[in-house]
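Peer 1: I need the structure of the sequence given here:
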Amino acid sequence: MLDFIYYPVSFILWCWHWVFGHVFGETSAISWALGIVFLVFTLRAIMFKPMVKQVRSMRKMQEFAPEIKKLQKKYANDKQKLAQEMQKLQAQHGVSPLGGCLPMLLQIPVFIGLFHVLREFKPGKTENYFFDEGGVASYNAANLFGARLGNWITQPAAELGQFDVSRGSIIAVAVPLMIAASALTHLTARHSVARQNPAAATPQTSMMNKLTLYVFPLGVLVGGFFFPIGLIVYWLSNNGWTLWQQHFVYKRIDAEEAAQKAAAIEKRTATAPKPGQKPTQPKKRPQAAKPTDGDAAADTTAEPKQDTPQKPAANGTAGTEIPGLISDRSRSKKSGRKNR
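Peer 2: Model prediction:
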């Protein structure tokens, strides 16, 4: 039913076992353990970019967390309207809720596929997806400090008889791996919680933090009693990769944000006035004087003046105009009087 998951997982495991088998031997437990570890590294490297997007999405959501709280308070009694406004807010800030959950969702089918493939390495089987009968026998014969990678602590005694191992040997190998995997799960969750913005804290966030800090590590510890040793190796390497990846990605994002802040401060400093310098004010354009009512009336009633040429006087000198002479002549013409 889930062969589309089982075949790719078994193929990647087959490739890495083939590589390390040429170094440590095909039946060596180190070859198989390293094959599982590098299977995890391969899959996590493929999901590296989605994980970075997840971190950036979480950081953006923390930035507008106060706006989310306002919406939750405003539409506390209208869940449908709240969902619509939340979608609008997330679209406005370019945040996708699915992008934050995608890396975690992708790990689930990988875990299921690897769990099934490792459980299918049973004595007497002739094949296991990409592994032939020789590959199955090699896995079952791999000895890791007296235990086999396909053994688990609560394995029935009848099956333990097929591997010729004691339960004490399985416990001695599995318990330290379980504790290490549980501790890495707690440290990974603790590092992630420490990066959260306190202003974005909600009751749901607090509950999820408690689950990731304590319940999930406890689940890994308890599940180790029922998981094959090979699967515990997978869980240990997966959590180790996650912890390293978080440190790397957060450090890189912090450096980018610090560089952006430094560039913004430098830009403001370059444009700001120097100490003691008066800030320059923009020059105002001179505005044309508006004519008053009296000036406007004078312009409409006054006749345009004409320059009258000066007539030479009788003595040969330039004559001067006598004020009021023109107006008197105009009045005499209108009245019909003759000039004397």
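
Peer 1: mind checking the pLDDT average for stretch 67-76?
Peer 2: The average pLDDT for stretch 67-76 rounds to 74.

Peer 1: could I get the CA-only coordinates of that stretch as CSV?
Peer 2: The C-alpha coordinates for stretch 67-76 follow below in CSV (Å, rounded to 0.1, in the frame of the first residue of the first chain):
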residue,chain,number,x,y,z
GLU,A,67,-2.0,42.0,15.6
ILE,A,68,-3.1,38.4,15.9
LYS,A,69,-4.0,39.0,19.5
LYS,A,70,-6.1,42.0,18.6
LEU,A,71,-8.0,39.9,16.0
GLN,A,72,-8.5,37.1,18.5
LYS,A,73,-9.9,39.5,21.0
LYS,A,74,-12.0,41.3,18.5
TYR,A,75,-13.6,38.2,16.9
ALA,A,76,-13.6,35.9,20.0
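
Peer 1: any low-confidence regions in the stretch 151-300 of the chain?
Peer 2: Applying pLDDT under 70 to the stretch 151-300 of the chain picks out residues 197-204, 272-300.

Peer 1: those helices in it, which residues are they?
Peer 2: Per DSSP state H, counting those that start in this stretch, the stretch 151-300 of the chain carries helices over the ranges 157-163, 167-194, 203-210, 216-223, 229-271, 293-301.

Peer 1: which stretch among the ones you listed approaches I30 most closely?
Peer 2: helix 229-271 (11.1 Å; C-beta to C-beta). Bear in mind the C-beta positions are built from the backbone N, C-alpha and C, glycine included.

Peer 1: hang on, the earlier thing: got CSV for the helices of the stretch 151-300 of the chain, with mean neighbour count and distance to F111 too?
Peer 2: As requested, those are exported to CSV (neighbours: other C-beta atoms under 10 Å; distance: least, C-beta to C-beta, whole Å):
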stretch, mean neighbour count, distance to F111
helix 157-163, 12, 22
helix 167-194, 18, 13
helix 203-210, 12, 20
helix 216-223, 16, 11
helix 229-271, 15, 8
helix 293-301, 9, 90
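
Peer 1: now those helices in a markdown table, with distance to K81?
Peer 2: Formatted as a markdown table, the helices of the stretch 151-300 of the chain follow (distance: least, C-beta to C-beta, whole Å):
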| stretch | distance to K81 |
| --- | --- |
| helix 157-163 | 57 |
| helix 167-194 | 31 |
| helix 203-210 | 19 |
| helix 216-223 | 34 |
| helix 229-271 | 33 |
| helix 293-301 | 61 |
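
Peer 1: so which of those helices gets nearest K53?
Peer 2: With C-beta to C-beta as the measure, helix 229-271 is the member of these nearest K53 (10.3 Å).

Peer 1: which of the residues in stretch 23-37 are classified as buried?
Peer 2: 26-29, 31-37 (16 or more other C-beta atoms under 10 Å).

Peer 1: for it, the averaged confidence score.
Peer 2: 92.

Peer 1: equivalent analysis for stretch 112-125, please.
Peer 2: Rounded mean pLDDT across stretch 112-125 is 86.

Peer 1: that stretch spans what distance, first to last residue?
Peer 2: One end of stretch 112-125 sits 20 Å from the other (C-alpha to C-alpha, to the nearest Å).

Peer 1: quick one: residues in contact with it.
Peer 2: 2, 5-6, 8-10, 13, 36, 39, 128-129, 131, 133, 136, 139-140, 149-150, 162-163, 227-228, 230-231, 234 (C-beta atoms under 8 Å, 6 or more residues apart in numbering).

Peer 1: so what does L144 have for phi and psi?
Peer 2: phi -110, psi 90 (degrees, to the nearest 10).

Peer 1: just use 53 as the starting number from now, easier for me
Peer 2: Sure thing, new numbering starts at 53, so read that last one as L196.

Peer 1: element containing T94, please.
Peer 2: helix 81-98 (DSSP states H and E).

Peer 1: quick check: angle from whichever helix or strand comes after that helix to helix 219-246?
Peer 2: Downstream of helix 81-98, the first helix or strand assigned by DSSP H and E is helix 100-115. Relative orientation of helix 100-115 and helix 219-246, computed by axes from the mean of the first three to the mean of the last three C-alpha atoms, to 10 degrees: 50 degrees.

Peer 1: what packs against helix 100-115?
Peer 2: The contact analysis (3 or more C-beta pairs under 8 Å, 6 or more residues apart in numbering; DSSP states H and E) places helix 100-115 against helix 131-145, helix 149-171, helix 281-323.

Peer 1: also compute the angle for it relative to helix 281-323, please.
Peer 2: Inter-element angle recorded for helix 100-115 and helix 281-323: 60 degrees (by the same axes, to 10 degrees).

Peer 1: no further queries at this time; thank you.
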